[in-house]
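1. below: sequence and its predicted model.
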Amino acid sequence: SRHQCSGPPRRANMQTGSRAGALLVLLFGLLASAEEVMLNRENWSMVEESPDIWAIEYYSKMCGSCKEFEPTWESLSEELKLSSKVKVGRCSIDDKLGMKLAQEQGILNQGIPAVQIVHGVRKSDILMAGKIIPRHQLKTKIEESLSKAAGAPHPDTGLLQKEL
């Protein structure tokens, strides 16, 4: 008969497992952070100076409409991330630097949740602000704005590939 140890694993195995787990967590974190950037006034220059087109959501953790909109944004932002032609950002107005950015971008005057497309310093479209619009309408607005920013003719941009 074979003897099975019911005691705790040896220390060396725990350390190796911990290192591998930590490495996976680090790798996953780097991949996730490369896809979506938390934006505020201090790092906004990365958007203005970028040759890329940015899709940015403005929100607050305390906003009921923002919570309601979150699944829609998550779905659309995943499509945008897959396109690799658009960078995705989020800005929380719950902190002073996020609030300052939202104010400078004209978001606070219109309300949250809000979605903005930015391409360069002066090229910006606020597609939704203060009032949630249906997913298919927002998707169409995003495609039109991205086409305009990229200089491509609408309706066949190919930037959003999933169908509703």
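-> Structure received.
2. counting contacts, what elements does the helix or strand containing Trp54 pack onto?
-> Of the helices and strands defined by DSSP states H and E, Trp54 is found in strand 53-59. Packing contacts for strand 53-59, counted by 3 or more Cβ pairs under 8 Å, 6 or more residues apart in numbering; DSSP states H and E, involve helix 64-83, strand 86-92, strand 114-118, helix 135-150. Backbone N, C-alpha and C define where each C-beta goes, glycine included.
3. JSON lines please, covering those and showing mean neighbour count, mean pLDDT and distance to Ser50.
-> JSON lines is the format used below for the helices and strands packed on strand 53-59 (neighbours: other Cβ atoms under 10 Å; pLDDT from 0 to 100; distance: least, Cβ to Cβ, whole Å):
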{"stretch": "helix 64-83", "mean neighbour count": "16", "mean pLDDT": "92", "distance to Ser50": "15"}
{"stretch": "strand 86-92", "mean neighbour count": "21", "mean pLDDT": "94", "distance to Ser50": "7"}
{"stretch": "strand 114-118", "mean neighbour count": "24", "mean pLDDT": "94", "distance to Ser50": "9"}
{"stretch": "helix 135-150", "mean neighbour count": "18", "mean pLDDT": "88", "distance to Ser50": "12"}
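4. tabulate these (TSV), appending distance to Asp52.
-> Output for the helices and strands packed on strand 53-59, formatted as TSV (distance: least, Cβ to Cβ, whole Å):
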stretch	distance to Asp52
helix 64-83	11
strand 86-92	5
strand 114-118	9
helix 135-150	10
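5. relative to Glu36, which of these is closest?
-> Judged by Cβ to Cβ, the one of the helices and strands packed on strand 53-59 that comes nearest to Glu36 is strand 86-92, at 4.7 Å.
6. parallel or antiparallel, list what pairs with that closest one.
-> strand 36-38 (parallel), strand 53-59 (parallel) (DSSP bridges).
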